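Asker: after the sequence you'll find the predicted model.
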Amino acid sequence: MNIDLPENQDFKFIITNLYTRPKWFFKFTQEHWYNKYAWLLLYLALLGSQFGRISSGKLNIESWTELFFKVVIFGSGISLLFYIMFAYILAGTARWLKGIASAADILRVIAYSSIPGIIVLLLYIIGSLIYGISFFSISFWVNNESWSQTIFKIFLMTINGFVGINIAIFMVLGIATVNNFSIWKAILSMILPVIILVVVFAVIASLF
């Protein structure tokens, strides 16, 4: 299937086609090696997921400098490297199932599938504007000082859950499309790299 290259390929083009015809969009990115905004969108989405670690109590931030280095630079950078590694492993395991996608194809799928995560990032930015740096501390998420604060936290965590489901659906559809897989075969190909990574890290941990 050959897909002609549209004249206008702005951010609206990406969002519109991702949500209205995701299979067409992922096939389009594969056939044209389409990478527009991909790295930026992936980084922003990963930044949103790093902020999500704060609300789950896994990270405590007490200053803007700490936020910049721990989350914006280090946390998001490590996540980006992980997804690059995941893409290469997934390309290999997909071949076991007779898939055809390259690591670059899969990385594009991950990047564009992660776009909904930017919504979470925007909500965290709004939260920081309202509550300041305390918004990124564990105490903010543990203590309920006001009804407005509680409602905002519940709203953010609810949106976070919906966004996570949205990303997972796009990713499965994307992996299935670029590999010419069924949905179940795509899910299996995504589980295999996770098993491999768990085994590798377990072996490494056992050596120390």
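Answerer: Now that the structure is in, tell me what you want to look at.

Asker: what about the nearest residue to residue 71 once chain neighbours are set aside, neighbour count?
Answerer: Among residues not flanking residue 71 along the chain, residue 50 sits closest, at 4.8 Å (C-beta to C-beta, 6 or more residues apart in numbering). In this view, the C-beta of every residue, glycine as well, is placed from N, C-alpha and C. For residue 50, the neighbour count with other C-beta atoms under 10 Å is 23.

Asker: surely residue 50 meets residue 74?
Answerer: No: using C-beta atoms under 8 Å, residue 50 makes no contact with residue 74, being 9.2 Å away.

Asker: which helix or strand contains the closest residue to residue 72 other than its chain neighbours?
Answerer: Distances taken as C-beta to C-beta, 6+ apart place residue 47 nearest to residue 72, at 6.6 Å, with adjacent residues excluded. Assigned by DSSP states H and E, residue 47 belongs to helix 38-55.

Asker: check which helices and strands that helix sits against.
Answerer: Counting contacts by 3 or more C-beta pairs under 8 Å, 6 or more residues apart in numbering; DSSP states H and E, helix 38-55 packs against helix 76-96, helix 103-113, helix 117-131, helix 138-142, helix 147-179.

Asker: out of those, which one sits most buried?
Answerer: Of those, the one with the most neighbours on average (mean count of other C-beta atoms under 10 Å) is helix 103-113, at a mean of 24.

Asker: do me a favour and average the pLDDT over that helix.
Answerer: Helix 103-113 comes out with an average pLDDT of 93.

Asker: show the contacting residues for the residue lying closest to residue 134 once chain neighbours are set aside.
Answerer: In space, and not counting its chain neighbours, residue 134 is closest to residue 140: 5.3 Å by C-beta to C-beta, 6+ apart. Residues in contact with residue 140 (C-beta atoms under 8 Å, 6 or more residues apart in numbering) are 131, 134, 149.

Asker: the same query, at a cut-off of 10 Å, please.
Answerer: Counting by C-beta atoms under 10 Å, 6 or more residues apart in numbering, residue 140 touches 54, 55, 60, 61, 127, 131, 132, 133, 134, 149, 153.
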